[in-house]
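Asks: The following comprises the amino acid sequence and a computationally predicted model.
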Amino acid sequence: MTKKPNPRVKLTVSLTMISVILGLMLSMQYKNTRAAAEFQLNTERVYDPRAQYTAEQLNKVKEANSQYEAKLEELKKKMFELEEKAGEIAKQESPDLKEELGKYRVMSGVLPVKGEGITFVVDDSTLKEVPKNTDPEVLIVHDYDLMNITNELLIAGAEAVQINDQRISSTTGIICIGPVIKINGQKVSRPYEFKAIGNRNRLEAALEIKGGILDLLRHRTIAVQAPKSSLTVSISGYTGNFNGLIK
Amino acid sequence: MKTKNKISLLVISAVLGCMLTIQFSSANRPKAESNAVADTMQLTVELAQQTERQQFLRSQIRALESQINALGTQKVDQNQLLLTLAEELDKVKRAAGVNEVRGNGVIITIEDNVNLIASGPVEMDLYRRSFGDFLYRLVNYLKGNEANAIVVNNHRIVSFSSIRSIDTNNLQVNTVMISPDKVIIKAVGNVEQMKLGMSLFPTYFEMMGKSFKFEAVEDGSLVIPPYDDPVKYEYAKPEGDKKI
């Protein structure tokens, strides 16, 4: 025969249970109310009019800078043509001046150049999910990948290199700042388009060598387009101040 | 049960319930921190950088326009024409890295260290093979942190400079062989910024059995020699060149 529970104990247990549930409900309610208030506050911060204004200003300045860069490039071409003429005039006095100017302008990177070379694009992995036992970092293009490709191109004799719209100069740094890659102090976004002027067969062979830089990237499932060779690759001029070297 | 006891039990149970809930919520609460403030700061920094760049671009445009005007009107004054071209040549040579640069900077010495080699990891040989890659990265990080002239064992870094390890005993800078046993990098530029840029590198080089020492030169006496090998461009031609 089962023992009948003591009504006092039964009452106590029920009361305790009800109280605990009531307490939980009260706390939940309080937390929900607070979370809602916090969300509203955060939303106000995200849509902070100052941030919005700054972002708008930034876009305007960037747009204007692109126009200034285009104008500067045009002026450089014009200047080059004028210097060519002036160099001819000054040839008697200083026969090497014209050639020297042309050569060092190309070397510094300030002058837009063209010639035979290769172009190709490198981008993050297209895999939608990170495979098991794979570090997700290897699926992303890093600053050192861009550096290694640039180094490989230069070793193979590239005379001018550009990544997206950034020309490699004597002071060009390719560095990561947080999740952003900066070249010449400017943010560059994926995909990364390489342009290199030089002997196209040699450049292509250096990149595509078995176990070479592009092979290593492909092994990481990085999207690498096969280099396309061309007789006229155009590379824009460097528009920075050489980290303060040129005032 | 007495009423007093019941009330006590009720209060204790309610408090316990509250505590449990708070504990549960705290442990499982997703981080609700907003990046809005950080984003605004980042935007402000970027705006300042872009504004500064705009000023630089405008000053370059003004300078070029005045040079173009001057060249256009100097057809007869040959001396002035020569002077303008010589000034321009000096400027582009400086930018190209074929002029000497003097200023504040850092001297970095990376050399083999017997103790580090003896206590190094088993994969050290593998690391040592990538010395060239890491040297190139370091140079890049110096340039990305406001170095304006760099020399590696007296080889000036220019726009087409490359660095690579052939094997653990041979290193090439600007396609010239140098010994990897001791490499001295000198860089003129913003000292504080460069210090930040190189902060991660000592650990990498130590894993290769190499010590990393640096010295700041802040009296403007650091000299970076010019690139002095012959320069010839076979493929890259200026856009306005009629020969293309």
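Replies: Good, I have the coordinates.
Asks: What strands flank the host helix or strand of residue B:217, and is each parallel or antiparallel?
Replies: For residue B:217, the host element (DSSP states H and E) is strand B:210-224. Strand pairing for strand B:210-224, using DSSP bridges, gives strand B:101-112 (antiparallel).
Asks: number of nearby residues for residue B:132?
Replies: 21 (other Cβ atoms under 10 Å in any protein chain shown). Where you see a C-beta, it was placed from the backbone N, CA and C, and this is true even at glycine.
Asks: how far away is it from residue A:212?
Replies: Taking Cβ to Cβ, to the nearest Å as the measure, residue B:132 falls 15 Å from residue A:212.
Asks: repeat for residue B:197
Replies: 28 Å.
Asks: of these two, who's got more company?
Replies: A direct count of neighbours by other Cβ under 10 Å for residue B:197 and residue A:212 places residue B:197 higher, at 24 against 13.
Asks: Check what contacts the host helix or strand of residue A:151 and list those residues.
Replies: Using DSSP H and E, the element containing residue A:151 is helix A:143-155. The contact list for helix A:143-155 (Cβ atoms under 8 Å, 6 or more residues apart in numbering or on different chains) reads A:122, A:161, A:163, A:168, A:174-176, A:181, A:183, A:192, A:194, A:196, A:198, A:203, A:206-207, A:212-214, A:217, A:222, B:133, B:136-137, B:140, B:160-164, B:175.
Asks: Can you say which of the residues you listed are buried?
Replies: Buried by 16 or more other Cβ atoms under 10 Å in any protein chain shown: A:122, A:161, A:163, A:168, A:174-175, A:181, A:183, A:192, A:194, A:196, A:198, A:203, A:206-207, A:213-214, A:217, A:222, B:133, B:136-137, B:140, B:160-164, out of these.
Asks: Now do residue A:200, the pLDDT please.
Replies: The model reports residue A:200 with a pLDDT of 93.
Asks: In which helix or strand does residue A:15 reside?
Replies: Judged by DSSP H and E, residue A:15 forms part of helix A:7-46.
Asks: Also residue A:182?
Replies: strand A:180-183.
Asks: Return the set of buried residues in the very next helix or strand once past that strand.
Replies: Sequence-wise, the next helix or strand downstream of strand A:180-183 (DSSP H and E) is strand A:186-188. Buried residues in strand A:186-188, defined by neighbour count with 16+ other Cβ under 10 Å: A:186, A:188.
Asks: List of residues touching strand A:186-188?
Replies: Taking Cβ under 8 Å, 6+ apart as the rule, strand A:186-188 contacts A:163-164, A:166, A:180-182, B:46.
Asks: change it to 6 Å
Replies: Strand A:186-188 is touched from outside by A:164, A:180-181, with contacts defined as Cβ atoms under 6 Å, 6 or more residues apart in numbering or on different chains.
Asks: Distance from the strand holding residue B:217 to the middle of the chain?
Replies: The chain centroid and the centroid of strand B:210-224 are separated by 16 Å under Cα atoms, centre = their mean, to the nearest Å.
Asks: Give me the mean pLDDT for that strand.
Replies: The pLDDT scores in strand B:210-224 average 93.
Asks: how many other residues sit next to residue A:239?
Replies: Number of residues near residue A:239 (other Cβ under 10 Å) recorded here: 24.
Asks: Check it and give its pLDDT.
Replies: The model's pLDDT for residue A:239 equals 86.
Asks: before we move on, what about the one 3 residues further on?
Replies: Note on residue A:242: pLDDT of 90.
Asks: wait, isn't it in contact with residue A:172?
Replies: No - in this structure residue A:242 lies outside contact range of residue A:172 using Cβ atoms under 6 Å: 9.3 Å.
Asks: So residue B:65 lies in a helix, does it not?
Replies: Yes - assignment of residue B:65 by DSSP: H, G, I helix; E, B strand; the rest coil places it within a helix.
Asks: What are the buried residues along the longest strand out of those in chain A?
Replies: If you go by DSSP state E, chain A has its longest strand at strand A:113-123. Neighbour counts using 16+ other Cβ under 10 Å place A:113-122 of strand A:113-123 among the buried residues.
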